[in-house]
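A.B. asks: I'd like to go over a predicted model; first the sequence, then the structure.
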Amino acid sequence: MSPFSKQTTEPDKVRVRLYRFDPAVDRTPRYEAYEVPHTPRMRIMDVLNYVHENMAVDFGYRWLCSAKKCGTCAVNVNGSPKLACWEEAELEMTIEPLSGMQVIRDLVTSRDAFEALLATLSPTLVRKAEYRGFPEPLTAIQLAPTAHLRDCIQCLACQSVCPVLKQPDSGFAGPALLVALSELAQDPRDGGDRARLAGEVAQVFKCVSCYECERVCPVDIPIVGEAIEPLKRLVYQAGVVPGARHARAFLDVVKARGYLNAAVLALKTKGLTLNALRLALRLVPRGKIDLGKAFLKRGAPGAKVISKTYESSEEVK
Amino acid sequence: MVDVIETDVLVIGGGAAGTNAVLKAADRGAKVTMVVKGLIGKSGCSIFASHLPYHDVSTKEKDLDRLRYSVRYYNHYLTDQEYCIRMGAYMRNEFFGDLERLGVYWRRDAQGRLMAITSRVPAIVAHKQGASGPIIMDKRRREIFRRGIPVYEECAVTSLLTDGERVVGATVLDYRRGKFFAIAAKSTILATGHSDYLATRATGTREQSADGIAMALRVGAELANLEIQWWHASDVLEPKAWMRFHLYPNPLMGTQETSRLYNSQGEMFYEQKTHSSGSSAPYTEQIRRLSREVLAGKARWDGGYYSGYDHIPPEITKAHQHQAKVWSKLGLDVGKDRIECGITWHMRQGGINVDTERMETKLPGLYVAGGLGCHYLGGVGPVSYDGKVAGEAAADAAVAGGRKPLSEQAVAAEEGRVFGFLRASGDGVRPIQAKLRIREIMWELGYVKNEQKFNAALDALQAVRRELVPQLSLQSTSRSWNTGWMDALDVCSMLDACEATVRSGMNRKESRGPFYRDDYPYVDNENWMCRNIVSRVNGEWRSRTQPIPTPYLTPEKSREPFFEADY
């Protein structure tokens, strides 16, 4: 042991259960168990490499840089997405492909759906004005709001845990795509139709702000606060899609009454439809909505203070 | 016959050279098809770009100063000096603007001034130091997709096809689906980059198995200066997965300070400003100094020496994400601790013999761009220049010329070779074992070389070819992402490229730059400032040399002891 490195007691082995699945041949996945000698500072990828070099020589796994830059080695370890190149090996590991992705073979998943959706979001800078040559006028301050978003390596860990994406046909683009879109939308040079793309194509208002994406992000991007919220504001200001109408109605109702009235909120968001009436008829007997309160427009005690708070916060902005 | 895709220009490789070749060829109106063994902009080494040289070339004196660092310290007088002049003008006048147009943010301060690393070699960064590569390559990737250029990712080119004279296309294995096809092209650009994965400790990744060099060799291309192989001296020893994490010996942004190297007794033996003030990327000097420590028993090639920033205020180092993050991830304190290092096989100066005017090889229809050429060491900027030159020349030739039919026989023979490896059995030699053995042979050849070690390496490589390759077998015959099958194909490339490298090294009877042999421990500019060329024609190895013109810079001495030269 050198005088400069930390003294630690090394464990002697890692037990790993590896997900094996070849869609061309297998009906269901199976798990194979291996014991791998532990080496100093071992990463998950060192375990995978050892298995490939000594045991399952043909098993499928993907990595391209091993240095947290390419974002292609993310796998589920004991149920949670991890970058194999970056995270330390645990002594007992079940390693599986990222969830919610089509499996090509073993740990390799298809990135095609992500790439195809990215292509629909006009994923390059759409310049407001013609480019006039290097270096163009631009400051660090102008690009500060997107500094963290530029760290994204598109490892898709966030996509794999997003509960909205787990809903069939959610129509939601997912956190990684919103990070890419938000970086462009907040770029002072960009003149693309980002509000429409965020609202209609990416359906940003389907985000439920559960922060699962941020929890698993290996590069610590504040995805909700710095990517998704700014996009929601952009769509809200444009005010064209159901999601944004809902947000606007929410604000108007609370501002006017000092409390959230579900009936009025629904009416303002969706309009008066047969379905809405049916729903209302079911909700009244359960006490979920109070028709009297809804149409008397009576404010809560202190409603005026709440209204003023909203106004002054808008002025600050 | 298998499916054949027809195109004007075929670009093989998805790094900085390949992506720029694609964009520039498409700008010229050619129909372009791209094949990438990994993923565009994610595989290969361009994603590792840290800081990009940003020189003032406005006056002849300033340009010559830049040239001195390129020619002397990066290429040890083996580059093409006229090429360096043209490439320098491109870097200053086009490279940064082309990328900024796509949206790359070259880092500014609050007032909007470019933040430069102000060392002997001024440099700027995209986003932040250590993170330029992913930003640059992501923008190129998206631009290629935006334009709708046909791209085959995760597809390995297995051979170049010729009609006896011209290169007329290539065969491809889509290893995701196990589908084999051919591409008929009027012009073919090889941009497969460096082959950094050829020794046990190496900075490269699994796909960097020298396919480009091997395929060119098999169709008769010449290879030059393959032995001028760089090693990194300051890469992380453990974990193994991080052996490509490099503790930059060049200055951190906002300071003149660099990391230092210490031997096992804590004595500092290398820092850039003290030991190679002439160059900002002093890799050859670093390893030369390490070799003295190894000979004195105060370090090993694989550990026993350390690198650190404990002489620099930690907040400066912490401002540079990758360095500080490595420390914190290893449970070390960047301002106090040092990291144990080992050497790694890195990029090489040599490669396919190419005429830099149009990036053409001696084989009609075959162009080269980037790190696998013999003309320059590499770097995202220079290889982008290669991509532009090759892309434009290949497109112009393709638009003017006709397409030659592919030989059905040759395609079928190659299909037979590729699928011949897809055989399973309970025993036999697993391809990864042959791969590891080849990397071990090159590691043992190592930094200190001589006739005896070259002979031993050659014998060992031939033993792999003779004894292991015929016995290669897999655990399964899956055609979908069968890592063993991919490894078997890599073994063939690695064997050819390594054998050529050893033969080329044997021929060079001197030491130079990163190339050291203790039986010829001097730089011999009179006889060896040349392209040292090997090729294989009908199974016979040939060699010759080709002089390198020195219109601007020549070394002071015609011959000097290796350890006294500073380049």
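C.D. replies: On my side now, so go ahead.
A.B. asks: Residue 254 - how many residues pack around it?
C.D. replies: Picking chain A for this. 18 (other CB atoms under 10 Å in any protein chain shown). For every residue, glycine as well, the C-beta is placed using N, CA and C.
A.B. asks: that's the wrong chain, I wanted chain B
C.D. replies: 14.
A.B. asks: so it makes contact with residue B:318?
C.D. replies: No - Residue B:254 sits out of contact with residue B:318 when judged by CB atoms under 8 Å, with a separation of 11.9 Å.
A.B. asks: how far out from the middle of the chain is stretch A:118-136?
C.D. replies: Stretch A:118-136 has its average C-alpha position 24 Å from the chain's average C-alpha position, going by CA atoms, centre = their mean, to the nearest Å.
A.B. asks: Run the contact check for that stretch versus chain B.
C.D. replies: Yes - Stretch A:118-136 is in contact with chain B by CB under 8 Å from any CB of the partner chain, via A:118, A:119, A:123, A:124, A:125, A:127, A:131, A:133, A:134, A:135, A:136.
A.B. asks: What strand or helix carries the last one?
C.D. replies: Secondary structure assigned from DSSP states H and E places residue A:136 in neither a helix nor a strand.
A.B. asks: Count the residues that sit near it.
C.D. replies: Using other CB under 10 Å, residue A:136 is surrounded by 16 other residues.
A.B. asks: pretty sure it contacts residue B:104?
C.D. replies: No - with contact defined as CB under 8 Å, residue A:136 and residue B:104 do not form a contacting pair (10.9 Å).
A.B. asks: Can you verify my assumption that residue B:197 contacts residue B:211?
C.D. replies: No - between residue B:197 and residue B:211 there is no contact, the gap being 10.8 Å when judged by CB under 8 Å.
A.B. asks: Comparing these two, which residue is more hemmed in?
C.D. replies: Here residue B:197 and residue B:211 are compared on neighbour count by other CB under 10 Å; more neighbours surround residue B:211, at 28 against 22.
A.B. asks: From chain A, how far out is that one?
C.D. replies: 15 Å (CB to the nearest CB, to the nearest Å).
A.B. asks: check contacts around that residue.
C.D. replies: With contacts defined as CB atoms under 8 Å, 6 or more residues apart in numbering or on different chains, the neighbours of residue B:211 are B:37, B:156, B:157, B:192, B:195, B:490, B:493.
A.B. asks: tell me which of these is nearest to residue B:380?
C.D. replies: The shortest gap between residue B:380 and any of those belongs to residue B:192, at 15.5 Å (CB to CB).
A.B. asks: Neighbours of the closest one, how many?
C.D. replies: Counted with other CB under 10 Å, the neighbours of residue B:192 add up to 35.
A.B. asks: Repeat that for residue B:257.
C.D. replies: Around residue B:257 there are 17 residues (other CB under 10 Å).
A.B. asks: Leaving out sequence neighbours, find the closest residue to it.
C.D. replies: residue B:312 (4.8 Å; CB to CB, 6 or more residues apart in numbering or on different chains).
A.B. asks: Would you check how far apart the nearest residue to residue B:195 once chain neighbours are set aside and residue B:190 are?
C.D. replies: Spatial nearest neighbour of residue B:195, chain neighbours left out: residue B:210 (3.4 Å); criterion: CB to CB, 6+ apart. When distances are taken as CB to CB, to the nearest Å, residue B:210 and residue B:190 turn out to be 12 Å apart.
A.B. asks: what does stretch A:23-30 rub up against?
C.D. replies: A:19, A:20, A:21, A:103, A:104, A:105, B:478, B:479, B:480.
A.B. asks: wait, which of these is closest to residue A:90?
C.D. replies: Relative to residue A:90, and with distances defined as CB to CB, the nearest of these is residue A:19, at 15.7 Å.
A.B. asks: residue contacts, the nearest residue to that closest one once chain neighbours are set aside?
C.D. replies: Computed as CB to CB, 6+ apart, the closest residue to residue A:19 that is not its neighbour in sequence is residue A:96, at 4.2 Å. By CB under 8 Å, 6+ apart, residue A:96 lies in contact with A:19, A:75, A:76, A:107.
A.B. asks: give me the beta-bridge partners of residue A:96?
C.D. replies: Here residue A:96 sits in beta bridges with residue A:76, as judged by DSSP bridges.
A.B. asks: Give me the buried stretch members for stretch B:286-300, please.
C.D. replies: Burial within stretch B:286-300, assessed by neighbour count using 16 or more other CB atoms under 10 Å in any protein chain shown, is assigned to B:286, B:287, B:288, B:289, B:290, B:291, B:293, B:294, B:298, B:299.
A.B. asks: so is the third one in a helix, a strand, or just coil?
C.D. replies: Pointing back at residue B:288 there. Reducing the assignment to helix, strand or coil with DSSP: H, G, I helix; E, B strand; the rest coil, the entry for residue B:288 is helix.
A.B. asks: quick one: low-confidence parts of the stretch 151-300 of chain B?
C.D. replies: Counting by pLDDT under 70, the stretch 151-300 of chain B shows low-confidence ranges at B:278-281.
A.B. asks: where do the strands sit along it?
C.D. replies: In the stretch 151-300 of chain B, strands defined by DSSP state E, counting those that start in this stretch lie at B:151-152, B:155-162, B:167-174, B:179-190, B:223-224, B:229-236, B:260-262, B:268-271, listed in chain order.
A.B. asks: hang on, the earlier thing: so which of the contacts of residue A:96 is surrounded by the most neighbours?
C.D. replies: Of all these, the most densely surrounded is residue A:75 (29 neighbours; neighbours counted as other CB under 10 Å).
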